[in-house]
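Asks: build me a model:
(chains A and B)
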2 protein chains.
Amino acid sequence: MDIKIRRAVKEDCPRLLELIKELALYEKAPQEVTVTLEHFIESGFGEKPVWWAFAATSPQPSPEGEGEEIHGFALYYIRYSTWKGQRMYLEDIIVTEKMRGKGLGKLLLDRLIIEAKEKKLSGIVWQVLEWNEPAINFYKKYNASFDAEWVNCTIGV
Amino acid sequence: MDIKIRRAVKEDCPRLLELIKELALYEKAPQEVTVTLEHFIESGFGEKPVWWAFAATSPQPSPEGEGEEIHGFALYYIRYSTWKGQRMYLEDIIVTEKMRGKGLGKLLLDRLIIEAKEKKLSGIVWQVLEWNEPAINFYKKYNASFDAEWVNCTIGV
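Replies: Here you go, the predicted model:
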């Protein structure tokens, strides 16, 4: 299959949000997605963007001629670590269920590594659910370090 | 004691980095602090700031007249959650050892809550080491939610 990795654009946002909801369902927390499409677009493509993303696409002929389908994406923001400086925080890497196991995740993560180097970020960090074995096995291929000693804390304001 | 909470300024950076190293030692990872003072200053007070902080100070008479001492600080950046939108990520909240138990942490966290509201962020998130009981007990007073199901992952680039 002819998969292309390209930078995500504003018009992709409805599809990206659809995939975000698909992942939240897989992560057993669909009710946790409360962000609106409007806020999502504004945060990525407004005056002060705070996230960036790459999409994995394939050509998809449509009645109007050539189209494409988005099968997955990777979305990051820049975090500031007082230990390591600026790092890439991989917020989401998602491949739609029917397209898993075809190497799309690898294409996306490889693209992020290039981006992190270009932006002189000191590394890539993310989180994985402790029971998500397929994801953990995928990350092991990149020699990722895993640290389960930290607990996530949240308060609303 | 006369404690004041104020926004951190560029000149505070050497002292903040000193406290960051003190905390890393307490967290049993002093070797992990590899950020330079120059990068730290640039990231907080350069063209595109990516972190903001508040300092807890008290007056400290010096030969030159009035001075002040920094006993602790809280440093945050804005993270983007594809579930919740923009949130405050509390990267560090530090009170120097001799000043613990005097309410400085509460003053700092209360100030952050005001800041998060003013910036219309949807909440405050952070991480705590699972064995850091004094910190966990402090956060419980704020009705924080704790989630130990996520594992931190890192790769260098």
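Asks: buried sites along the longest strand along chain A?
Replies: Looking across chain A with DSSP state E, the single longest strand is strand A:68-81. By neighbour count with 16 or more other CB atoms under 10 Å in any protein chain shown, strand A:68-81 contains the buried residues A:70-81. C-beta here means a position set from N, CA and C on the backbone, and glycine is covered the same way.
Asks: that strand and chain B, any residue contact?
Replies: Yes. Strand A:68-81 lies within reach of chain B by CB under 8 Å from any CB of the partner chain, at A:75, A:77-81.
Asks: how about CSV for these, with pLDDT and distance to residue A:138 added?
Replies: CSV is the format used below for the residues of strand A:68-81 next to chain B (pLDDT from 0 to 100; distance: CB to CB, whole Å):
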residue, pLDDT, distance to residue A:138
A:75, 97, 17
A:77, 95, 21
A:78, 92, 23
A:79, 93, 21
A:80, 92, 27
A:81, 92, 24
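Asks: which SS state does residue A:86 fall under?
Replies: strand (DSSP: H, G, I helix; E, B strand; the rest coil).
Asks: could you pull out the strands for chain A?
Replies: With DSSP E as the criterion, chain A has strands spanning A:4-7, A:52-59, A:68-81, A:85-95, A:124-129, A:145-147, A:150-155.
Asks: elements contacting the third one?
Replies: Think strand A:68-81. helix A:13-26, strand A:52-59, strand A:85-95, helix A:104-118, strand A:124-129, strand B:68-81, strand B:85-95 (3 or more CB pairs under 8 Å, 6 or more residues apart in numbering or on different chains; DSSP states H and E).
Asks: make it 7 Å
Replies: Applying 3 or more CB pairs under 7 Å, 6 or more residues apart in numbering or on different chains; DSSP states H and E, we find strand A:68-81 packed against helix A:13-26, strand A:52-59, strand A:85-95, helix A:104-118, strand B:68-81, strand B:85-95.
Asks: residue A:122: how many residues sit nearby?
Replies: Burial measure for residue A:122: 18 neighbouring residues, criterion other CB atoms under 10 Å in any protein chain shown.
Asks: was I right about it contacting residue A:84?
Replies: Yes. Between residue A:122 and residue A:84 there is a contact at 4.8 Å, judged by CB atoms under 7 Å.
Asks: now the common contact residues for these two.
Replies: Residues touching both residue A:122 and residue A:84 (CB atoms under 7 Å, 6 or more residues apart in numbering or on different chains): there are none.
Asks: what pLDDT does the residue lying farthest from the centre of chain A get?
Replies: When distances are taken from the C-alpha mean of chain A, residue A:63 lies farthest, 30.1 Å away, according to CA atoms, centre = their mean. What the model reports as pLDDT for residue A:63 is 71.
Asks: got it, and residue A:110?
Replies: 97.
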